[in-house]
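> have a look; sequence and predicted model below, questions after that.
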Amino acid sequence: METTKPDTIVLIHGFWVTPRSWEEWIDHYEARGFTVLAPAYPGFEVEVEALRADPTPIAELTAQGVVDKLTGVLDELDSPPILIGHSAGGVFTQLLLDRGYGAAGVALNSAPTEGVRTVPLSQLRSTFPVLKNPANHHRAVPLELDQWRYAFTNTFSEEETVRLFERYSVPVSGRVLFDSVLANFEPGHQATWVDYHNDERAPLLFVAGSEDHIMPPAVQRSNAKHYKSNTITEVKEYEGMPHLLPAAPGWQQVADEVLDWALEHAGRHSPERV
């Protein structure tokens, strides 16, 4: 029996940004006839400028709170959508797929889930502004422009780097970032744990950018290798792409190709199933 293709896309933003970072993708996918949702983390429903002025919602953020907010959005839909998450949004995409949500998922430049311990030096440098001080666990921590340039826009022009910094950047939750790092060293399952043996999980594509400093290709390959279930899990790398892939030159090609992959694989679970 032919499966009805999803007509809704849910875009999940990452850390240091808000749903505004998806603005070009929203227009692009809506132009292709899709309903597009870009839900905010709890407390992130305000504009970027308001979060900078009062970052309290960021400091109070928890991973479970994000998952609860996202599942609430998905529970209101009539059919499973395509999930596309960027960076930390890639983690939340994996968590949602593991819980039975979504017809297919795409994790762009995804942060690692619990158990993935690949930590390249460029990743350490990118997150050092937060992790260097344990007191940041309870704070909302911003990036300075030079830190943003290294972590997000290392392939962009200086003019574009400044523009995107001013338009998109907000502080990050020290609590969630610290907790995600410590998850590998604490007993029991933590907030970013997924069942890597879940045979019912929808298809998942990891997307890597060759120039990504925060979540380089080695992290994406490690993410994918952890999945041992009889499910579709693939990795695609784009040459020359940085961490802020959704805004990088050529993003339209990436957006179209990952959507086409998701539509092709939606509803399939086993690699042998056609």
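All right, it came through fine.
> wait, Val141 touches Val170, no?
No - between Val141 and Val170 there is no contact under Cβ atoms under 8 Å: 10.4 Å. For every residue, glycine as well, the C-beta is placed using N, CA and C.
> where do the strands sit along the protein?
According to DSSP state E, the chain carries its strands in the segments 8-12, 35-37, 82-86, 104-108, 140-141, 172-173, 204-209, 233-238.
> out of the ones you listed, which comes closest to Val258?
In terms of Cβ to Cβ, the element of the strands of the chain nearest to Val258 is strand 104-108, at 4.6 Å.
> hmm, back to that, could you dump the strands of the chain to a markdown table with mean pLDDT, mean neighbour count and distance to Val162?
Shown next, in a markdown table, are those (pLDDT from 0 to 100; neighbours: other Cβ atoms under 10 Å; distance: least, Cβ to Cβ, whole Å):
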| stretch | mean pLDDT | mean neighbour count | distance to Val162 |
| --- | --- | --- | --- |
| strand 8-12 | 98 | 25 | 24 |
| strand 35-37 | 98 | 17 | 28 |
| strand 82-86 | 98 | 29 | 21 |
| strand 104-108 | 97 | 30 | 23 |
| strand 140-141 | 85 | 22 | 20 |
| strand 172-173 | 84 | 28 | 19 |
| strand 204-209 | 97 | 26 | 21 |
| strand 233-238 | 97 | 17 | 24 |
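> what's the closest of the ones you listed to Pro55?
strand 140-141 (3.6 Å).
> can you list the strands that that closest one pairs with?
Strand 140-141 has its sheet partners listed here by DSSP bridges as strand 172-173 (antiparallel).
> state the mean pLDDT of the top helix by length along the chain.
As assigned by DSSP state H, the longest helix anywhere in the chain is helix 251-265. The pLDDT scores in helix 251-265 average 98.
> on contacts alone, who are the packing partners of that helix?
helix 23-31, strand 82-86, strand 104-108, strand 204-209, strand 233-238 (3 or more Cβ pairs under 8 Å, 6 or more residues apart in numbering; DSSP states H and E).
> the last one vs strand 104-108, what angle?
Here strand 233-238 points in a direction 40 degrees away from that of strand 104-108 (axes from the mean of the first three to the mean of the last three Cα atoms, to 10 degrees).
> so what strands line up beside strand 233-238?
When DSSP bridges is applied, strand 233-238 pairs with strand 204-209 (parallel).
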